[in-house]
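K.L.:
Fold the stuff below for me.
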Amino acid sequence: MRAVIQRVKETSLSVDGKLISEIPFGLAVYLGVAPEDGEENAVMMAKKIAALRIFEDENGKMNLSVRDVKGEVLLISQFTLFGDCRHGNRPGFTGAARPETAEPLYRRTAKLLEEQGVPVKLGVFGADMKIRQFNDGPVTILYEC
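P.N.:
Just a heads-up that it's a prediction; the model follows:
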């Protein structure tokens, strides 16, 4: 499982011109699932996202988690995180899980985050989404488990 985790002031997601999800502040998380991923990956990913201390405390030090600051997570499925462009100029996506494997793990990760007290909004799995994002920092973390 791979994630691009970005600290945001606000983020919104639309499909076909219709607003689907938005958060006022927190994390935009782009999540990719590999074929070999399972429950343990979802558990590790959710724990890391909930506990990652990338928000500033009163001293300006990155010392608080999204849970600490009562932020939200916009979780976006992103199979292209497994794009391989080492050979040629068109990426291949054989490193990404098939939808029947990826979607349940994407949803499970969201559920696990909610169980840890982090409000989660979702994108639309497999859809062509338009994302408007106001990054904060910018702070962008790559995480793989």
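K.L.:
Could you use CA atoms for every contact and neighbour count after this?
P.N.:
Fine.
K.L.:
residues touching the most centrally placed residue in the chain, list them.
P.N.:
The centre of the chain sits closest to residue 29, judged by CA atoms, centre = their mean, with a distance of 1.9 Å. Residue 29 is in contact with 3-6, 73-76, counting by CA atoms under 8 Å, 6 or more residues apart in numbering.
K.L.:
so which of the residues you listed is the most crowded?
P.N.:
residue 73 (30 neighbours; other CA atoms under 10 Å).
K.L.:
as a whole number, average confidence for the longest helix seen in the chain?
P.N.:
Ranked by number of residues, the top helix in the chain under DSSP state H is helix 99-115. The average pLDDT for helix 99-115 rounds to 98.
K.L.:
All the helices of the chain, in order from the start?
P.N.:
Under DSSP H, the chain gives helices at 39-51, 99-115.
K.L.:
starting at the chain centroid, how far to the first one?
P.N.:
Meaning helix 39-51. Centroid displacement of helix 39-51 relative to its chain, using CA atoms, centre = their mean, to the nearest Å, is 11 Å.
K.L.:
quick one: that helix to helix 99-115, angle?
P.N.:
Interaxial angle, helix 39-51 versus helix 99-115 (axes from the mean of the first three to the mean of the last three CA atoms, to 10 degrees): 40 degrees.
K.L.:
ok, back up a step: work out the gap between the longest helix of the chain and the centre of the chain.
P.N.:
11 Å.
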